[in-house]
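Colleague: this is a predicted model, with the sequence first.
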Amino acid sequence: MAKVTDFETWLTATGIQSEEDAYDLYSSIGNFEGSGRFYTNKEVTNDGYQYTVRAEGNEDTLFLESDEAKFAFFDHLANNYTESEEGDVDRWYKLRTKLGRID
């Protein structure tokens with residue numbers, strides 16, 4: 001089990017297969033809890049916060065070393081795994097749910 005900092009490597013190994021997966025991952029990191037098949041732990045450091053993210057089916061852990069890394073990950077997730085405008089994954093997911101277009 002390794003700590004991975006490369007977003008795409010970890011996401012590829014995790015296998016984001018649906019919009020629901022993308023939102024669950026976003027929600028888990030944003031709320032520091034379990035959501036779907038993802039679980040995030042937030043740790044306080046001298047410089048701020050660090051986040052470790054686990055996914056069912058992936059032995060490696062995503063390591064986000066700061067809030068800057070967390071927000072960079074959110075941008076990557078929004079741009080590559082959702083159709084959200086301006087990186088607003090919450091708004092995108094709520095709209096998709098209202099329209100009944102969640103896979």
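Modeller: Happy to help now that I have it.

Colleague: what segments of this protein are strands?
Modeller: Taking DSSP state E as the test, the strands found in the chain are 3-4, 34-35, 38-45, 48-55, 58-64.

Colleague: of these, which is nearest Leu99?
Modeller: Nearest to Leu99 among the strands of the chain is strand 34-35 (21.3 Å), distances taken as Cβ to Cβ. All C-beta spots, glycine's among them, are computed from the backbone N, C-alpha and C.

Colleague: helices or strands up against the closest one?
Modeller: helix 19-31 (3 or more Cβ pairs under 8 Å, 6 or more residues apart in numbering; DSSP states H and E).

Colleague: quick one, the helix it packs on and strand 48-55 angle?
Modeller: Calculated by axes from the mean of the first three to the mean of the last three Cα atoms, to 10 degrees, helix 19-31 forms an angle of 150 degrees with strand 48-55.

Colleague: dump helix 19-31 to PDB, restricted to CA.
Modeller: The C-alpha coordinates for helix 19-31 follow below in PDB (Å, rounded to 0.1, in the frame of the first residue of the first chain):
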ATOM      1  CA  GLU A  19     -20.800  10.400 -12.700                       C
ATOM      2  CA  GLU A  20     -21.900   9.100  -9.300                       C
ATOM      3  CA  ASP A  21     -18.400   7.900  -8.600                       C
ATOM      4  CA  ALA A  22     -17.000  11.300  -9.500                       C
ATOM      5  CA  TYR A  23     -19.500  13.100  -7.200                       C
ATOM      6  CA  ASP A  24     -18.900  10.600  -4.300                       C
ATOM      7  CA  LEU A  25     -15.200  11.200  -4.500                       C
ATOM      8  CA  TYR A  26     -15.700  15.000  -4.500                       C
ATOM      9  CA  SER A  27     -18.100  14.700  -1.600                       C
ATOM     10  CA  SER A  28     -15.800  12.500   0.400                       C
ATOM     11  CA  ILE A  29     -12.900  14.800   0.100                       C
ATOM     12  CA  GLY A  30     -14.900  18.000   0.600                       C
ATOM     13  CA  ASN A  31     -16.700  16.600   3.800                       C
END
